[in-house]
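Q: A structural model of the following input is requested.
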Amino acid sequence: MCLAHFAGRAGSTMHMPILRQFRAAPNLLTLLRLFIIPFLVIAILDGRFTTAFVLFMLAGISDGLDGLLARWLKQQTSLGLYLDPIADKLLLSTLFLVFTHVGLVPRYVTVLVFSRDFGLVLIGTVLFATHTLREFRPTLFGKLNTCIQILTLALVMIDPIYGAANLHAARGWLLHITAYCAIVSAAEYMWIMVRRISASSSVDQLPAA
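A: Residues are numbered from 1 along each chain as shown. Okay, here's the model as predicted:
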């Protein structure tokens, strides 16, 4: 859902005029997901968590459908390559910020999640721009980290609706797990980047045959 995701889908993109790419069905679904974000924020700020949860599920369904449509209709585009993970990250990051604002997510969780994502995007952008790193696929733990964030946000929305003690406890545990996963995932990606850069430097320093 960051630059790692961009590279993972690069081989399946098709080149077409940018206006046609906007009209592709998968990209329209991604734009719908972006369109949902402000209404989701308004629902949370107004305390309408049932509405917020429905909108969040709708965003999740659109996220799953755009990938399926891209494959079924053979409409993988370079625009979707960048737009889809940006929409995902913007949605999750916005929700963490809003829930911290209303007091449902501790500040340290949001800071750790933001620090991980911002650091990876910044470093990844520099490495791709300098051609130091040409391909960087998401790891299994990176995907797990994203799934945990989604589950945590869903539970944060559900907890005020039902107010059950077990849901409140589960939300607390998931928030802690989200924070720890952000740290571990960031460390894993940093280690992979260092190894890849070191390997690339070693190859560059080999004498020509």
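Q: name the helices or strands packed onto the longest helix along the chain?
A: Taking DSSP state H as the criterion, the chain has its longest helix at helix 165-204. Secondary-structure packing of helix 165-204 (3 or more Cβ pairs under 8 Å, 6 or more residues apart in numbering; DSSP states H and E): helix 107-129, helix 140-162. No exception for glycine: its C-beta is placed from N, CA and C like everyone else's.
Q: And the average pLDDT for it is what?
A: Helix 165-204 comes out with an average pLDDT of 84.
Q: Ok, stretch 116-129 next?
A: Averaging pLDDT along stretch 116-129 yields 73.
Q: Can you pull out the residues in contact with stretch 38-51?
A: 52, 55-56, 59, 91, 94-95, 98-99, 101-102, 157-158, 160-161 (Cβ atoms under 8 Å, 6 or more residues apart in numbering).
Q: whoops, stretch 53-68 was the one
A: 25-27, 29-30, 32-33, 36-37, 39-40, 43, 80, 84, 87-88, 91, 95, 150, 153-154, 157-158, 161.
Q: on that earlier part again, now list the buried members of the contacts of stretch 38-51.
A: Neighbour-count burial (16 or more other Cβ atoms under 10 Å) applied to those gives A52, L55, F56, A59, L91, L95, V98, F99, M157, I158, P160.
Q: Confirm that the third one sits in a helix.
A: Yes - judged by DSSP: H, G, I helix; E, B strand; the rest coil, F56 forms part of a helix.
Q: R48 versus the closest residue to C181 other than its chain neighbours, what's the distance?
A: Nearest-residue entry for C181: N145, 4.6 Å, with adjacent residues in sequence omitted and distances by Cβ to Cβ, 6 or more residues apart in numbering. For N145, the distance to R48 (Cβ to Cβ, to the nearest Å) stands at 29 Å.
Q: same check, this time on V194
A: Using Cβ to Cβ, V194 is found at 46 Å from R48.
Q: Can you find the helix or strand in this structure with the smallest mean pLDDT?
A: helix 3-8 (a mean of 42; mean pLDDT, DSSP states H and E).
Q: thinking again about what came up before, more neighbours: V194 and R48, which one.
A: R48 (14 against 10; other Cβ atoms under 10 Å).
Q: mind checking pLDDT for the more buried one?
A: Confidence for R48, expressed as pLDDT, is 95.
Q: can you give me phi and psi for it?
A: phi -90, psi 80 (degrees, to the nearest 10).
Q: What of L104?
A: Backbone torsions of L104, given as degrees, to the nearest 10, read phi -100, psi -10.
Q: rewinding a little: would you tell me which of the helices and strands packed on helix 165-204 gets closest to S198?
A: Of all these, helix 107-129 sits nearest to S198, with 12.7 Å by Cβ to Cβ.
Q: before we move on, back to that, which among the contacts of stretch 53-68 end up buried?
A: 26-27, 29-30, 33, 36-37, 40, 43, 80, 84, 87-88, 91, 95, 150, 153-154, 157-158.
Q: Helices - which of these land there?
A: Using DSSP H, the buried ones among the contacts of stretch 53-68 in helices are 26-27, 29-30, 33, 36-37, 40, 43, 80, 84, 87-88, 91, 95, 150, 153-154, 157-158.
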